[in-house]
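Engineer: Sequence plus the predicted model coming up.
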Amino acid sequence: MSKRQTRAPRQKSQASNRARNNGARGPATSPKAARDRYEHYLALAQETARSGDRIEAENYYQHAEHYFRSAAAIAAAAAEKTHEA
């Protein structure tokens, strides 16, 4: 019998709980979380740009832009939802 056959199967719920508890993973679900991530990636981009790595800085700027747009979209959806009620 191989090692794979003797191991107990990993429970899917444990892996998904870890992903939910780690703030760095998964989509931002609130405007505040998206803004926080935007600020985090913007700071990383600025720090990396100062160190001279333009390519990595651009990568971080793109991440920051994504979360900036996400925050705006989440806030717009929330505002629309309150206007409907």
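Structural biologist: Received it, and whenever you're ready, just let me know what you need.
Engineer: drop to CA atoms for contacts and neighbour counts, all remaining ones
Structural biologist: Will do.
Engineer: ok, and the closest non-adjacent residue to residue 35?
Structural biologist: In space, and not counting its chain neighbours, residue 35 is closest to residue 71: 6.0 Å by C-alpha to C-alpha, 6 or more residues apart in numbering.
Engineer: tell me which residues in the helix ranked longest in the chain are buried?
Structural biologist: Secondary structure of the chain per DSSP state H: the longest helix is helix 54-84. By 16 or more other C-alpha atoms under 10 Å, the buried positions in helix 54-84 come out as 57, 60-65, 67-68, 70-71, 74-75.
Engineer: remind me which residues of this protein are low pLDDT?
Structural biologist: Within the chain, the ranges that satisfy pLDDT under 70 run 1-27, 85.
Engineer: Now residue 52, what are its backbone angles?
Structural biologist: Note on residue 52: its backbone torsions stand at phi 100, psi 0 [degrees, to the nearest 10].
Engineer: Can you name the residues that contact it?
Structural biologist: Contact analysis of residue 52 by C-alpha atoms under 8 Å, 6 or more residues apart in numbering lists nothing.
Engineer: name the element residue 32 belongs to?
Structural biologist: Per DSSP states H and E: residue 32 is located in helix 31-51.
Engineer: Need the three-state assignment for residue 29.
Structural biologist: Under DSSP: H, G, I helix; E, B strand; the rest coil, the three-state class of residue 29 is coil.
Engineer: Torsion angles phi and psi at it?
Structural biologist: Dihedral angles (degrees, to the nearest 10) for residue 29: phi -110, psi 0.
Engineer: ok, back up a step: which other helices and strands does the helix holding residue 32 contact?
Structural biologist: The contact analysis (3 or more C-alpha pairs under 8 Å, 6 or more residues apart in numbering; DSSP states H and E) places helix 31-51 against helix 54-84.
Engineer: ok so, going back, and the angle for the helix holding residue 32 with helix 54-84?
Structural biologist: Angle between the axes of helix 31-51 and helix 54-84 is 160 degrees (criterion: axes from the mean of the first three to the mean of the last three C-alpha atoms, to 10 degrees).
Engineer: Thank you, goodbye.
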